[in-house]
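Student: Turn this into a structure:
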Amino acid sequence: INHTDYSYKVGIYDFNPKKALEFHEKGEDPRNRLEALKVKRTCKKSFSPPSIQEYLTLAKEGYGPAYIEAAEIEKDFEKKLSYLQAAAKLDFSQALVEIGDLYEEKGDFENAFKYYKEAGEKGVSKGYVNISIMLLGDRELPSEYNKDLTKVSQENINKAKDYLTLAGKANDPEGWNQLTSLYKDLYDLHKDECYLSKIRSSIENGLRLGSSRAYHKAYTLFHADFSKIIQTYGSPPQDDLYKTIRRFLKRAY
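Tutor: Numbering: from 1, shown residues only. Predicted structure coming up:
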């Protein structure tokens, strides 16, 4: 049995921290050792939080994710960066996204772009999505939390489109979902019907990946055609979940 996967399924962190810790300590592999440290850090009422050195000890055995956790706790920028760079050298490419985040928080957008792009090229599509968010804001958020497209250069809009497409083609539904929202915002801004086919195409790409957000967008934007969409792509993920919850609540109360 995989101790880590099982603990997430039953939510054991919340229900019994001591059993969660015991569970992970049975697994001597790096993944379970890291999860044991996470239990101690998360459940502060039950345990003393682990030190950075405990994460680094595990990381130096060649386990990249432990460097990520150490960087999260560390306050000093240069030390954070060194931990993340060490993880990247272990071919843990997720660290490249974390380095990009670190530079973006500092306002160094040139280096942020560099590391996000490298992450995308190494198969971590979140890097491509983050480039778009850096350029245009998160298009999945309401407009008041986003960049005004009238104040963004066409060059940056085109770059965002390209990188979101790369993320989508890497089978990341967030790429298609962000792209759908971008095309919708551009349509609302320019009232150019050429965007309608682009909206539909990006939604369909998201549907092919089983994205629940894509189904929601299809229902909202193409409500009249939604039954045909269901026939083509099947029911949305967890389509009947609300019925199961309702039956459970009726039995419980």
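Student: list the contacts for Gly120?
Tutor: For Gly120, the contacting residues are 126-128, 131, 163, 166-167, 170, taking Cβ atoms under 8 Å, 6 or more residues apart in numbering as the criterion. No exception for glycine: its C-beta is placed from N, CA and C like everyone else's.
Student: What is the most widely separated pair among these?
Tutor: Spatially, the most separated pair among these is Ile131 and Ala170, at 13.1 Å (Cβ to Cβ).
Student: The two: which has the busier surroundings?
Tutor: Shown here are Ile131 and Ala170; by other Cβ atoms under 10 Å, Ile131 has more neighbours (25 against 16).
Student: From Tyr116, how far out is that one?
Tutor: Taking Cβ to Cβ, to the nearest Å as the criterion, Ile131 is separated from Tyr116 by 5 Å.
Student: ditto for Ser181
Tutor: Using Cβ to Cβ, we find Ser181 at a distance of 19 Å from Tyr116.
Student: Looking at those two, which is more packed in?
Tutor: Tyr116 (29 against 21).
Student: C-terminal to the helix or strand containing the more buried one, what's the next element?
Tutor: Under the assignment given by DSSP states H and E, the secondary-structure element containing Tyr116 is helix 109-121. In the C-terminal direction, the helix or strand that comes right after helix 109-121 (DSSP H and E) is helix 126-136.
Student: ok, residues contacting stretch 62-76?
Tutor: By Cβ under 8 Å, 6+ apart, stretch 62-76 touches 30-31, 34, 37-38, 41, 52, 55-56, 58-59, 79-80, 83-84, 86-88, 90-92, 94-95, 98, 102.
Student: quick one: buried residues of it?
Tutor: Buried residues in stretch 62-76, defined by neighbour count with 16 or more other Cβ atoms under 10 Å: 63-71, 74.
Student: okay, it in CSV with CA atoms only?
Tutor: Coordinates of each C-alpha in stretch 62-76 appear next as CSV, following Å, rounded to 0.1, in the frame of the first residue of the first chain:
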residue,chain,number,x,y,z
GLY,A,62,18.7,13.3,-3.3
TYR,A,63,15.0,14.0,-2.7
GLY,A,64,14.1,17.2,-4.5
PRO,A,65,10.6,17.9,-2.9
ALA,A,66,12.3,18.2,0.5
TYR,A,67,14.2,21.2,-0.8
ILE,A,68,10.9,22.8,-1.8
GLU,A,69,9.6,22.4,1.7
ALA,A,70,12.8,23.8,3.2
ALA,A,71,12.5,26.8,0.9
GLU,A,72,8.9,27.4,2.0
ILE,A,73,10.0,27.7,5.6
GLU,A,74,13.2,29.7,5.0
LYS,A,75,12.9,33.5,5.2
ASP,A,76,16.1,34.5,3.5
